[in-house]
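In: what's the 3D shape of this:
(3 chains)
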Amino acid sequence: MMPTLGRSPFPLAIITDFGYRDHYVGAMKGVIASIAPDAPLIDITHGIPAQSIIAGAIALRESWRYFPQRTVFLAVVDPGVGTARAPIAIETCAGARFVGPDNGLLWLAANQAAIKRIVKLTSPGHRLTNVSATFHGRDIFAPAAAYLWRGTPISALGPALDANSVAQLDLPVPVDSAIALRGEIIYVDGFGNLVSNIDRQTVEQFASRFRHKSLSVRIKRGAAIRLLETYGDAPKSAPLATFGSFGLLEVALRDGNAAAHFGAGPGTSVSLFAAARRP
Amino acid sequence: MMPTLGRSPFPLAIITDFGYRDHYVGAMKGVIASIAPDAPLIDITHGIPAQSIIAGAIALRESWRYFPQRTVFLAVVDPGVGTARAPIAIETCAGARFVGPDNGLLWLAANQAAIKRIVKLTSPGHRLTNVSATFHGRDIFAPAAAYLWRGTPISALGPALDANSVAQLDLPVPVDSAIALRGEIIYVDGFGNLVSNIDRQTVEQFASRFRHKSLSVRIKRGAAIRLLETYGDAPKSAPLATFGSFGLLEVALRDGNAAAHFGAGPGTSVSLFAAARRP
Amino acid sequence: MMPTLGRSPFPLAIITDFGYRDHYVGAMKGVIASIAPDAPLIDITHGIPAQSIIAGAIALRESWRYFPQRTVFLAVVDPGVGTARAPIAIETCAGARFVGPDNGLLWLAANQAAIKRIVKLTSPGHRLTNVSATFHGRDIFAPAAAYLWRGTPISALGPALDANSVAQLDLPVPVDSAIALRGEIIYVDGFGNLVSNIDRQTVEQFASRFRHKSLSVRIKRGAAIRLLETYGDAPKSAPLATFGSFGLLEVALRDGNAAAHFGAGPGTSVSLFAAARRP
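Out: Next comes the predicted model:
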């Protein structure tokens, strides 16, 4: 049904903060097409807020596992381009490969996929001949990703690095006080949905102590917001809390923009608490 | 000249209102690549105004016929995600297949292509194992589209639905009074061009009654705007009316943005009338 | 390692000012997929500022050379659509082919690639049957690019044009006064970096006359900005000048937006001068 004829069936997926105005993504793809002309290129997004390593890391963590096993991910959010931060590639037990700057961008996804090996991209034969000081996406990362896709072993790209020596990125952990779970907003999506760092399992543990009460959520010190199954369970234009596609507690506005409504963004405090069940 | 070697030569085309900031489109493409790794993915657009079913329906209607015959269209503008609205797939006499929510989004295109069969997407084997309440694009629609592309018969995806039972979407029809055609703006494009619901054939019928007069257009109760062959026939920065790429009467501003100039958008009234021909 | 099996290994790359809101790019790709279903489509960008021929020309010049040798480039920034400006295709000695309007858009890239032959796209068999007056991207340029990609000889698309008869586009040249190089901003990227028309070689010639002085840059009549190797060499939030990925002198703000900071854009004056070396 699916004739692959020896063609490698996995994609080379790209995520950056380069935006959609310039030719920067196009130049990277030209470099990849020159080295690996048969690589199916998939854009995850190029709309990561400029230089936001944490937003890029979350977006990569939330997408990598939906891709075929041996997918190569090229990720570039790189405020430190041209400084001492290393360019790296990571091989994982899950099969996914990640290429990008050593600034924490790859950390959340690579950790989920279980890091097997990390190398520093130093091989002169696997980058462009002239490396600019400002565009390693084109000159170093794109060639490395294309060679990996083609089958070049990761060890050919440069020397191994210890996992403890690369930049880590850890999201804030919610705090379980006796009476509430206190967390914060870690991601705001394009619809204005406010995604917190509170996952379903943590909520279930918390809730098990309050069997006869219902759960509500507060943004900052605002009014209680009901925890519902999905957006459509709320009345039109009303706020609601739900477990969204990240598997995390998020606050949304039915048919509206919660970020604008609440004046909230990354770092805004969110708490979940139990209240007497409504009649 | 075109070596296809048994590879299916038609694309899987995607249109959503997910925007370009998040990884949502990327996650959908990862799902598709996992099921149908050889499907050539084409983005129609992901910039449909958030939750605007009508804008999505028009954009799909205006693009489907330019694609190869058996193209699978995956369309997601889905304000009712998680509610009772069904996920559906449509097979058409023209060959095109459409996958998306049953909220009218697919209606204009599928009708043009002549609906042959509609199914409700219920098959557990043709969706992700865990279906979230908020992202059916990734969990239900993308897998269904990928299986259709691979050759899975539409009947395997779920039970048939009657065409009368699905949500329809009908555009407003222009009214021919004795002295004018009265319509409205139904689409505003990124250049600010104002596309009306008045088609060329309706205008020709109307005009045949006014042989010795020229045709002009009004936005709301504004000044008369000349009907010209193309943008370039108007003086710089002047407004003009023309039949644009939709085959519909549109009002544009030469080298400018008509929507901003006229303060007009979807629903704004437009009328076409005959006036004494200029000398 | 890379099984191509007779499949043409070069892409069809697209650059437009159509933006990401409408289906226009999608309709073009549908047309291409109908004629050349195996063409790997690569988006360079569709975010060229609306109707800015010069920004499109620069973006095309800065990307074409990173693509495989025989890539077909489809470029559409076309304020004169529907007027007398011709649709053209250009074959170059470097192998790249360019398709687009004859308004200067292709000039910088085609010239770098060394123009071999130019034709006017007049062949009725290599365009859509019904050509609209407003969307030649879909109706004329996309089919021509797809046929070129498939192997149709350029001479089949229409009659040859003399290189002197097509629209040229020349960027302003920096002026070397005795004491300074005076240039201007020609491109502002999505990060707000200000790219000038002053290239590295011109700066090196100028600098050779001032061996014992250091080089600084001014935007308009502002304060001196240091010329550094890369963004990361400047203190946080400080302005700097560097040779960026275009190979041109650019002014940036470390971790910030220089265009907003300086109130500068295309046409803003930039000068480079020598000052006594700092201790």
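In: what sits against residue A:216?
Out: By CB atoms under 8 Å, 6 or more residues apart in numbering or on different chains, the contact set of residue A:216 is A:224-227, A:241, A:272-275. Every residue, glycine included, has its C-beta placed from N, CA and C.
In: pick the one among those closest to residue C:24.
Out: residue A:241 (38.6 Å; CB to CB).
In: count of residues packed around the closest one?
Out: 27 (other CB atoms under 10 Å in any protein chain shown).
In: cool, the one 4 residues further on as well?
Out: The criterion is other CB under 10 Å. On that basis, residue A:245 has 23 neighbouring residues.
In: same thing with residue A:215?
Out: Residues near residue A:215, counting by other CB under 10 Å: 19.
In: stretch A:184-197 vs chain B: in contact?
Out: Yes. Counting by CB under 8 Å from any CB of the partner chain, chain B is contacted by stretch A:184-197 at A:189-191.
In: columns pLDDT and neighbour count on top of the residues you listed, output as JSON lines?
Out: Formatted as JSON lines, the residues of stretch A:184-197 next to chain B follow (pLDDT from 0 to 100; neighbours: other CB atoms under 10 Å in any protein chain shown):
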{"residue": "A:189", "pLDDT": "95", "neighbour count": "23"}
{"residue": "A:190", "pLDDT": "93", "neighbour count": "18"}
{"residue": "A:191", "pLDDT": "92", "neighbour count": "21"}
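In: distance of residue A:60 from chain B?
Out: 7 Å (CB to the nearest CB, to the nearest Å).
In: quick check: residues of the stretch 51-200 of chain A near chain B?
Out: So the stretch 51-200 of chain A meets chain B at A:59-60, A:62-64, A:66-68, A:71, A:189-191 (CB under 8 Å from any CB).
In: let's see it at 6 Å
Out: A:59, A:62-63, A:66-68, A:189-191 (CB under 6 Å from any CB of the partner chain).
In: quick one on the thing from earlier: by neighbours, which of the contacts of residue A:216 wins?
Out: residue A:241 (27 neighbours).
In: was I right to think that residue contacts residue A:225?
Out: Yes. Using CB atoms under 6 Å, residue A:241 is in contact with residue A:225, at 5.1 Å.
In: now do the shared contacts for the two.
Out: Counting by CB atoms under 6 Å, 6 or more residues apart in numbering or on different chains, the residues touching both residue A:241 and residue A:225 are residue A:217.
In: re the thing from before, need the worst-confidence member of the contacts of residue A:216.
Out: Across those, the member with the lowest pLDDT is residue A:275, scoring 77.
In: beta partners of it?
Out: On the basis of DSSP bridges, residue A:275 is bridged to residue A:214.
In: do residue A:14 as well
Out: Beta-bridge partners, per DSSP bridges, of residue A:14: residue A:43, residue A:74.
In: tell me, how many residues neighbour it?
Out: 27.
In: grab the nearest non-local neighbour of residue A:18.
Out: Once flanking residues are discounted, residue A:18 sits nearest to residue A:24: 4.4 Å by CB to CB, 6 or more residues apart in numbering or on different chains.
In: who's in contact with the residue of the stretch 101-250 of chain A found nearest chain B?
Out: Proximity of the stretch 101-250 of chain A to chain B (CB to the nearest CB) peaks at residue A:230, 2.7 Å away. By CB under 6 Å, 6+ apart, the residues touching residue A:230 are A:242, B:82, B:133-134.
In: secondary structure element for residue A:111?
Out: Assigned by DSSP states H and E, residue A:111 belongs to helix A:107-112.
In: so which elements touch that helix?
Out: Contacts defined by 3 or more CB pairs under 6 Å, 6 or more residues apart in numbering or on different chains; DSSP states H and E place helix A:107-112 against helix A:53-61.
In: is any residue of the helix it packs on near chain C?
Out: No. Helix A:53-61 stays clear of chain C (CB under 6 Å from any CB), getting no nearer than 11.7 Å.
In: what mean pLDDT does that helix get?
Out: 97.
In: also stretch A:94-105?
Out: 98.
In: mind saving the C-alpha coords of it as CSV?
Out: This file holds the C-alpha atoms of stretch A:94-105, laid out as CSV (Å, rounded to 0.1, in the frame of the first residue of the first chain):
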residue,chain,number,x,y,z
ALA,A,94,13.4,6.2,21.4
GLY,A,95,15.1,6.6,18.0
ALA,A,96,14.6,10.4,17.6
ARG,A,97,17.7,12.5,16.8
PHE,A,98,18.0,16.2,17.8
VAL,A,99,20.3,18.9,16.4
GLY,A,100,20.6,22.4,17.7
PRO,A,101,22.4,24.8,20.1
ASP,A,102,23.5,23.6,23.6
ASN,A,103,21.3,26.1,25.4
GLY,A,104,18.6,23.9,26.9
LEU,A,105,16.4,24.0,23.7
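In: so which bits of stretch A:148-160 are buried?
Out: A:148-150, A:152, A:154, A:157-158 (16 or more other CB atoms under 10 Å in any protein chain shown).
In: residue of the stretch 51-200 of chain A closest to chain C, please.
Out: residue A:82 (2.8 Å).
In: test my guess that that residue contacts residue A:133.
Out: Yes. Using CB under 6 Å, residue A:82 is in contact with residue A:133, at 4.2 Å.
In: quick check: residues of the stretch 101-250 of chain A near chain C?
Out: Residues of the stretch 101-250 of chain A lying near chain C (CB under 6 Å from any CB): A:132-135, A:150-151.
In: coming back round to it: adding distance to residue A:40, secondary structure and pLDDT, write the buried residues of stretch A:148-160 out as a markdown table.
Out: Shown next, in a markdown table, are these (distance: CB to CB, whole Å; DSSP: H, G, I helix; E, B strand; the rest coil; pLDDT from 0 to 100):
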| residue | distance to residue A:40 | secondary structure | pLDDT |
| --- | --- | --- | --- |
| A:148 | 14 | helix | 98 |
| A:149 | 9 | helix | 97 |
| A:150 | 13 | helix | 95 |
| A:152 | 18 | coil | 98 |
| A:154 | 20 | helix | 98 |
| A:157 | 21 | helix | 98 |
| A:158 | 26 | coil | 98 |
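In: now, which of those sits nearest residue B:207?
Out: residue A:149 (58.3 Å).
In: ok, now how distant is that closest one from residue A:35?
Out: Distance of residue A:149 to residue A:35, computed by CB to CB, to the nearest Å: 8 Å.
In: low-confidence regions, the stretch 51-200 of chain A specifically.
Out: Applying pLDDT under 70 to the stretch 51-200 of chain A picks out no residues at all.
In: check contacts around residue A:227.
Out: Residue A:227 neighbours (CB under 6 Å, 6+ apart): A:215, A:241.
In: and it, how close does it get to residue A:198?
Out: Distance from residue A:227 to residue A:198, by CB to CB: 11 Å.
In: and if you look at residue A:85?
Out: 31 Å.
In: more crowded one of those two?
Out: residue A:198 (26 against 18).
In: wait, that one sits on residue A:247?
Out: No. Using CB under 6 Å, residue A:198 is not in contact with residue A:247; the gap is 10.4 Å.
In: for residue A:46, grab the count of nearby residues.
Out: 24.
In: my bad, residue A:74
Out: 27.
In: what does residue A:49 give?
Out: Residue A:49: 14 neighbours (other CB under 10 Å).
In: backbone phi and psi for it, please?
Out: phi -50, psi 140 (degrees, to the nearest 10).
In: please apply the same query to residue A:260.
Out: phi -70, psi -40.
In: now do the helices in chain A.
Out: Secondary structure of chain A (DSSP state H): helices located at A:24-35, A:53-61, A:107-112, A:136, A:142-150, A:200-207, A:258-262.
In: average pLDDT for the longest one?
Out: The pLDDT scores in helix A:24-35 average 98.
In: ok, and the closest non-adjacent residue to the residue of the stretch 101-250 of chain A closest to chain B?
Out: residue B:82 (2.7 Å).
In: what's around the one you found, how many residues?
Out: Based on other CB under 10 Å, the number of other residues close to residue B:82 is 19.
In: next, the contact list for it, please.
Out: Residue B:82 sits in contact with A:230-232, B:133-134, where contact means CB under 6 Å, 6+ apart.
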